[in-house]
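[1] 3D, please:
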Amino acid sequence: MSSALVLIGASIAEWTKALRESSERDALTGLRNRGSFEQSIRGLLPRAQTEGRPLSLVVADIDHFKQVNDFWGHQAGDLAIAGFGEIIGKMVRACDTSGRIGGEEFCIAAWNCENEPAERLAERIRWAFTRLEHADLNEDIRLTASFGVATAREGETYESLFARADAALYRAKSNGRNRVENAERTPQDEENSAPRPKLVEVKQAASS
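    Residues are numbered from 1 along each chain as shown. You can find the predicted model right below:
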């Protein structure tokens, strides 16, 4: 009898754990959902401060995504989101935290990662996504994404860190999309940086 109760207890514990983990994951990408991601990074920030480790935040957004849904349908949009999430999942480390925080918006908390390596991570993801083929789109279409990068300052909150990374993402959108912008760069640094060539992408004007 006691053995049976132990087995039942273990089964319930495993089921509860699986249910909790499932509720923390985005169904399309398998990455953390917004609530789970934000809970995680809010714990990482004070830990990084205590241990003296750098923590960088990458915010990414698929370019012209509204047109993907409008021209090719929501199934094509879902597949694009899933493909982008798969790239992120493969490129981040086990110690990093990644999540889908909105429709086509993603975040990566890069643990023990200084600013320049975080920017290079964003650039690798950006490049990989431009190479990704999308079966539900025209053969000559390659989607792109824009990125903002910021590194936590002493005592900085998640809200402040996200706002700075998101502002850098907005600059990437304003400067032509399909690029990485860094919140830690000065305006002079930005002026001296060479623009990246644009790849084939959705060609109509877009709102995002």
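
[2] Just the strands from the protein, written as ranges.
    With DSSP state E as the definition, the chain shows strands at residue ranges 55-62, 97-100, 105-111, 145-151, 180-182.

[3] Put together CSV for these, with mean neighbour count on each row.
    Where C-beta positions appear, they are placed from N, C-alpha and C, glycine not excepted. Output for the strands of the chain, formatted as CSV (neighbours: other Cβ atoms under 10 Å):
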stretch, mean neighbour count
strand 55-62, 26
strand 97-100, 25
strand 105-111, 25
strand 145-151, 27
strand 180-182, 25
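
[4] Could you list the low-pLDDT ranges of the protein?
    Along the chain, the model assigns pLDDT under 70 to residues 1-22, 186-208.

[5] neighbours around the closest residue to residue 154 other than its chain neighbours, how many?
    Of all residues not flanking residue 154 in the chain, residue 49 sits nearest, at 7.0 Å (Cβ to Cβ, 6 or more residues apart in numbering). If you count neighbours by other Cβ atoms under 10 Å, residue 49 ends up with 15.

[6] isn't residue 49 right next to residue 153, touching?
    No. If you go by Cβ atoms under 8 Å, residue 49 and residue 153 don't touch, sitting 9.9 Å apart.

[7] contacting residues for the nearest residue to residue 92 once chain neighbours are set aside?
    Distances taken as Cβ to Cβ, 6+ apart put residue 98 closest to residue 92, at 5.1 Å, once the chain neighbours are dropped. By Cβ atoms under 8 Å, 6 or more residues apart in numbering, the contact set of residue 98 is 31-32, 37, 88-89, 92, 106-109.

[8] what's the closest of those to residue 127?
    Nearest to residue 127, judged by Cβ to Cβ, of those is residue 88 at 13.0 Å.

[9] what's the burial count for that closest one?
    Residue 88: 25 neighbours (other Cβ under 10 Å).

[10] how far away is the closest residue to it other than its chain neighbours from residue 31?
    Closest residue in space to residue 88, ignoring its immediate chain neighbours: residue 98 at 5.2 Å, by Cβ to Cβ, 6+ apart. Shown here: residue 98 relative to residue 31, a distance of 5 Å by Cβ to Cβ, to the nearest Å.

[11] again, but for residue 154
    Residue 154 sits 29 Å away from residue 31, going by Cβ to Cβ.

[12] these two touch, right, residue 99 and residue 28?
    No. Look at residue 99 against residue 28 with Cβ under 8 Å: they stay out of range, at 11.8 Å.

[13] Could you report the separation of residue 156 from residue 168?
    15 Å.

[14] Between residue 154 and residue 31, point out the one with more neighbours.
    With neighbours defined as other Cβ under 10 Å, residue 154 and residue 31 compare such that residue 31 has more, 24 against 5.

[15] and the gap between residue 30 and residue 72?
    Counting by Cβ to Cβ - residue 30 and residue 72 are separated by 23 Å.

[16] what about those two, which has more around it?
    Ranked by neighbour count (other Cβ under 10 Å), residue 30 and residue 72 place residue 72 first, with 18 against 13.

[17] residues in contact with that one?
    Applying Cβ under 8 Å, 6+ apart to residue 72 gives the contacts 136-137.

[18] ok, residue 172 - contacts?
    Neighbouring residues of residue 172 by Cβ under 8 Å, 6+ apart: 146-148, 179-181.
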